[in-house]
Structure formats: structure tokens, C-alpha cells
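K.L.:
Sharing a sequence plus its predicted fold:
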Amino acid sequence: MERWATFDCYGTLIDWDGGVRAELARVFGEEQADELLVRYHEVEPELQRDGASSYRNVLTESMRRLGAPPGQEHGLAESLPGWRAFPEVQSALEELRRRGWRLAILSNTDSDFIAASQVHIGVPFDEVVVAQEIASYKPAHKHWEEFFARTNAPREGHVHVGASLFHDIEPANELGLPSVWINRTGEPATVQATRELTDLFALPETLDELVAA
């Protein structure tokens with residue numbers, strides 16, 4: 001049986017909060033960055049709800065709603081290709097591939113952004129599904145529907161890995177899929193993932209426990 005691990009990208013593999021916060025600090029000042037990061041987490045899902053906007057436009061409109069000065073509203077979109085992967089990501093994904101896992105990304109982003117982020121991750125993926133292609137943002141289920149349609153992956157051999165309870169763990173639960181929550185910030189759990197980790201260091205062993213070779 002093929003074993004597939006699907007991943008959220010931003011917040012799970014790429015340091016999304018760090019990238020967003022750094023740009024907010026540059027535009028608005030360090031003293032406002034933390035408060036505006038919280039506000040950004042509220043604004044972004046509102047703009048993604050109907051699936052009609054590209055992620056580039058979501059980032060730009062988010063900056064406008066946060067009050068970015070004229071000429072600075074494109075800052076987040078321009079900075080995203082430089083956002084770095086978390087330090088353990090490459091080695092963890094390489095080990096998963098060594099153990100026979102196939103890897104996919106299911107991301108609320110655009111094709112050009114995910115291509116740039118894959119360079120930072122440094123490990124090939126067998127499939128990538130992005131919001132721009134399917135006109136839908138997680139937590140809607142269309143990413144998973146498209147993934148299964150493209151790959152014919154066995155549901156019993158699939159685990160989803162994500163850092164967002166709202167975007168990833170809740171829909172995985174709704175779909176009856178096992179999940180691993182990467183809780184890097186010590187967030188309190190409001191829904192139950194199959195497993196919870198603070199990073200990806202123990203992910204290969206954890207996935208092997210969930211789906212035996």
C-alpha cells in the first residue's frame with residue numbers, strides 16, 4: 001500500500017508567522033507588529049471565504065485593511081518568496097522519503113509562491129495542490145478532493161500534517177482522516193488531532209506509527 005503524507009505549507013514547513021511579522025514590523029514598526037499579526041489572522045480568512053481571489057490579492061488586500069501606507073500594500077506578497085523553511089523540515093522530509101512515504105502539499109496559495117517555497121524546503125514533492133488552481137481555500141474540502149482525484153491515494157494510507165486547527169485539523173477530522181498537528185506556538189487545542197507534535201523532528205516515527213509500512 002502506498003503511504004501518503006499531505007502537508008500544509010505555511011506555518012508547518014515555512015515560517016509563515018515569522019515572515020508575516022517581519023514584514024509588518026518593516027511597514028508599521030516593531031511596536032505594532034504583534035498586534036497586527038493577530039489582526040492579520042482574523043482578516044485573511046474573511047478574504048479567502050469565497051475562493052475567488054488569488055493569494056497574492058489576499059495578501060495585498062490584507063495589508064490595505066491593516067492600514068498600510070500607499071505603496072506598501074504589496075509588501076507581504078513581495079516578501080513571501082523569501083520566507084524560510086523551519087530548520088528541521090528538510091531532514092524530516094528526506095527521512096520520510098527514505099522510509100517510502102510519498103509527499104504532497106495542500107496549500108492556500110498561488111503556484112508561483114509555492115514554487116519559490118519548495119526551493120527553500122529543498123525536498124521534492126509528488127503532488128502539489130494550491131488554492132489558485134481550484135478556486136478554493138481550506139478549511140473547505142476541495143484540496144483533499146483534488147488530491148485524491150489526482151493520486152488515487154488510499155485513504156487508509158494517508159495522514160495530513162498541519163499547523164492550523166482551523167485550516168487543517170478540523171477539515172481532516174470532518175473527512176475522517178488521521179492528522180498530525182504541528183503546534184509550534186503552544187496553542188491550546190480546541191479540536192483533537194490524532195497526534196500532536198511541537199515540530200517535525202519526530203514526524204517520521206509518528207507517521208510510521210499511524211500507518212505501518
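P.N.:
Yes, it's here.

K.L.:
Run through the strands of the protein in chain order.
P.N.:
For the chain, applying DSSP state E gives strands covering 3-7, 101-107, 127-130, 158-162, 179-182, 195-197.

K.L.:
The spatially closest residue to Ser53 that is not a sequence neighbour: how many residues sit nearby?
P.N.:
Nearest non-adjacent residue to Ser53, counting by Cβ to Cβ, 6 or more residues apart in numbering: Leu47, 6.2 Å away. Just so you know, the C-beta spots here come from the backbone N, C-alpha and C atoms, and that holds for glycine as well. Leu47 has 18 neighbours, counted by other Cβ atoms under 10 Å.

K.L.:
isn't Leu47 right next to Glu61, touching?
P.N.:
Yes: Leu47 is within contact range of Glu61, at 5.6 Å (criterion: Cβ atoms under 8 Å).

K.L.:
Now the common contact residues for those two.
P.N.:
Ser53 (Cβ atoms under 8 Å, 6 or more residues apart in numbering).

K.L.:
What does the pLDDT read for the residue lying farthest from the centre of the chain?
P.N.:
Here the chain reaches farthest from its C-alpha mean at Pro70, the gap being 28.9 Å by Cα atoms, centre = their mean. With respect to pLDDT, Pro70 scores 93.

K.L.:
and it, backbone torsions?
P.N.:
With angles defined as degrees, to the nearest 10, Pro70 sits at phi -50, psi 130.

K.L.:
quick one: it from Leu76, how far?
P.N.:
From Pro70 across to Leu76, the span is 15 Å (Cβ to Cβ, to the nearest Å).

K.L.:
now Asp15
P.N.:
Using Cβ to Cβ, Asp15 is found at 14 Å from Leu76.

K.L.:
residues in contact with stretch 91-104?
P.N.:
With Cβ under 8 Å, 6+ apart as the criterion, stretch 91-104 contacts 2-7, 13, 121, 123-129, 147, 151, 153, 200-201, 203-204, 207-208, 213.

K.L.:
Any quick PyMOL command for the buried ones out of these?
P.N.:
Filtering the contacts of stretch 91-104 down to the buried ones (16 or more other Cβ atoms under 10 Å) takes a single PyMOL command:
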select buried, resi 3+4+5+6+7+13+121+123+125+126+127+128+129+147+151+153+200+203+204+207
